[in-house]
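[1] can't give you the sequence, but here's the structure:
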């Protein structure tokens, strides 16, 4: 049996935390699933677990073809544009700035089976508003790539 609770249209100011719990059919007490404390930190239970862990989210992501002009974006979240700085050199610009530059950035490159590509973050390029990524071929020369994926976690 499922139960639905409605949050009132006019809600009060929360001074402690928000908790979300569910009760399995036949269970006598609810299990906490996630919590947002008064500082805004989010904790969640890993599926089939019972312990709350801090949750860290993807703050920006983009999948694009950098081998065409203009760059073709397949999909994105929190990315306003991509700047083509030249052969194998791109800047990913965020729609909403990050609070600081202490984030992790993952970059992957795919291409045709004939051409191997390696993508990485350009050293020293992290900022709150963008990150620069470069792509090299199997001879370690800058090269465009038709399948780039960038994700930023914090």
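    That came through, no problem. Note that the structure is a prediction, hence the values are computed from the model and not measured.
[2] Next, work out how far apart the residue nearest the centre of the chain and residue 117 are.
    Residue closest to the average C-alpha location in the chain (C-alpha atoms, centre = their mean): residue 58, at 2.0 Å. Note on residue 58: its distance to residue 117, by C-beta to C-beta, to the nearest Å, is 22 Å. Backbone N, C-alpha and C define where each C-beta goes, glycine included.
[3] same question, residue 62
    Distance, residue 62 to residue 117, by C-beta to C-beta: 16 Å.
[4] pretty sure the residue nearest to the centre of the chain is touching residue 150, no?
    No. Counting by C-beta atoms under 8 Å, residue 58 does not reach residue 150; the two are 10.5 Å apart.
[5] How many residues are close by residue 56?
    Using other C-beta atoms under 10 Å, the number of residues around residue 56 comes to 11.
[6] mind checking which helix or strand it is in?
    Under DSSP states H and E, no helix or strand contains residue 56.
[7] pretty sure it is touching residue 152, no?
    No. Contact criterion C-beta under 8 Å: residue 56 and residue 152 do not qualify, at 10.9 Å.
[8] what are the ranges of the strands in this protein?
    Counting by DSSP state E, one finds strands in the chain at the ranges 17-22, 31-37, 42-45, 52-54, 58-65, 72-77, 79-86, 89-94, 104-110, 117-121, 130-137, 147-153.
[9] Could you pull out the buried residues of the last one?
    Within strand 147-153, the residues scored as buried using 16 or more other C-beta atoms under 10 Å are 147-152.
[10] Redo those residues as a markdown table? Include distance to residue 86 and pLDDT.
    Formatted as a markdown table, those follow (distance: C-beta to C-beta, whole Å; pLDDT from 0 to 100):
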| residue | distance to residue 86 | pLDDT |
| --- | --- | --- |
| 147 | 19 | 93 |
| 148 | 15 | 95 |
| 149 | 20 | 96 |
| 150 | 17 | 97 |
| 151 | 23 | 97 |
| 152 | 22 | 96 |
